[in-house]
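> Predicted model follows, preceded by the sequence.
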Amino acid sequence: MKAIDIRGLEKTYKGGVKALNGINLSVEEGDFFALLGPNGAGKSTTIGIICSLVNKTAGNINVFQYDAEKQEVEAKSCIGLVPQEFNFNQFETLYQIVINQAGYYGVPRNIAKQRAEKYLKQLELWDRRNARSRELSGGMKRRLMIARALMHEPKILILDEPTAGVDIEVRRSMWKFLKDINQQGITIILTTHYLEEAEMLCRNIAIIDKGTIVENTSMKALLSTL
Ligand code: ADP
Ligand code: ADP
């Protein structure tokens, strides 16, 4: 089954910047997929539209069997998003941040507590659960964003430049974590401008440039052409 299916997606921002020129893209369930491209290519715009955070100009997106526009709530519940920008409530503890996220999705409180412990432990944040996000390093904040995105146990995890500004040690442990959860069945889509990152992790890849998909292939096939 397709986890994401994008047909003819176009985006022109107010002011006239044409960010996407009719892209077609699909990601199979269980895949580890990279959307690779230089800054300004349209990666964040694509993700923003998939997650219903940015309005499209034209085209269609399906998230599993749901139309992302007509069945927005169902489509969104399939997705956990790790955005590029940190956007935590400064007054909440790490524990409260993840628990509250589960609350937005209607996860019962006893289950939310179990998941908070599970994901904060897996992401090596459990010892810091009573800290506030401003006290965390960049790498810890990034891991907290991942824990938060998993609290409603989405079928797809989407990460926008997940290791930007993260040191090599943390990057490696994040890569391992992402590989592990992918092996457990979650579909992962990430954007990156590092070919190396895509190479380390991904089975399939699309390259986007100036709002157009210029390549869409397996990582293996791409590497054999270099
Ligand atoms: P990427 O994530 O690949 O760096 P983006 O999707 O952020 O690319 O941007 C694609 C294009 O759209 C760029 O030319 C960018 O300047 C433009 N853009 C992005 N967001 C906005 C916005 N809110 N308003 C106007 N133009 C935007
Ligand atoms: P409630 O009775 O409303 O479910 P709890 O007893 O779960 O409240 O939690 C009270 C406060 O302690 C909340 O701010 C919650 O976020 C925090 N809290 C609860 N369990 C833990 C935990 N295991 N680690 C850290 N903070 C916790």
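Arrived safely. Ligands and ions are numbered 1, 2, ... in the order given.

> Could you pick out the residues of this structure near ligand 2 for me?
Residues of the chain lying near ligand 2 by Cβ under 6 Å from any ligand atom: 95-96, 99, 109, 129-130. C-betas here are computed from N, CA, C, even on glycine.

> Of those residues - the most surrounded one?
Ile99 (20 neighbours; other Cβ atoms under 10 Å).

> any residues touching stretch 8-22, and which ones?
Residues from elsewhere that reach stretch 8-22 (Cβ atoms under 8 Å, 6 or more residues apart in numbering): 23-25, 42, 45-46, 49, 54, 56-61, 210-212.

> Give me the buried positions along it.
By neighbour count on 16 or more other Cβ atoms under 10 Å, the buried set for stretch 8-22 is 9-11, 19-20.

> among those residues, which are in strands?
Mapping the buried residues of stretch 8-22 onto strands (DSSP state E) picks out 9-11, 19-20.

> can you put those residues in TSV and add distance to Gln84 and pLDDT?
Listed next are these as TSV, based on distance: Cβ to Cβ, whole Å; pLDDT from 0 to 100:
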residue	distance to Gln84	pLDDT
Leu9	20	98
Glu10	22	98
Lys11	17	98
Ala19	15	98
Leu20	18	98
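
> and which of these is nearest to Val170?
The closest of these to Val170 turns out to be Ala19 (Cβ to Cβ; 30.3 Å).

> In contact with Tyr100, which residues are there?
In this structure residue 100 is Asn, not Tyr. The contact partners of Asn100, taken as Cβ under 8 Å, 6+ apart, are 89, 92.

> Could I get the contacting residues of Gly48?
Here Gly48 is in contact with Val54 (Cβ under 8 Å, 6+ apart).

> Kindly provide the distance from it to Tyr13.
Applying Cβ to Cβ, to the nearest Å, the value for Gly48 to Tyr13 is 11 Å.

> With Ile188 instead?
Counting by Cβ to Cβ, the gap from Ile188 to Tyr13 is 28 Å.

> now Ser26
25 Å.

> go on, Val98?
From Val98 across to Tyr13, the span is 33 Å (Cβ to Cβ).

> which SSE is Glu196 in?
Using DSSP states H and E, Glu196 sits within helix 195-201.

> ok, and for that helix, which residues are buried?
Residues of helix 195-201 classed as buried: 195, 197-201 (neighbour count, 16+ other Cβ under 10 Å).

> what does this protein put close to ligand 1?
13, 15, 17, 19, 37, 39-45.

> Give me the subset of the residues of the chain next to ligand 2 that lies in helices.
95-96, 99, 109 (DSSP state H).

> What is the nearest of the ones in strands among the buried residues of stretch 8-22 to Ser77?
Nearest to Ser77 among these, with distances taken as Cβ to Cβ, is Leu9, at 21.2 Å.

> Please name the bridge partners of that closest one.
Using DSSP bridges, the beta-bridge partners of Leu9 come out as Ile23.

> Quick check: which element contains the residue nearest the centre of the chain?
Nearest to the geometric centre of the chain sits Ile158, at 1.6 Å (Cα atoms, centre = their mean). For Ile158, the host element (DSSP H and E) is strand 156-160.

> Good, we can wrap up now.
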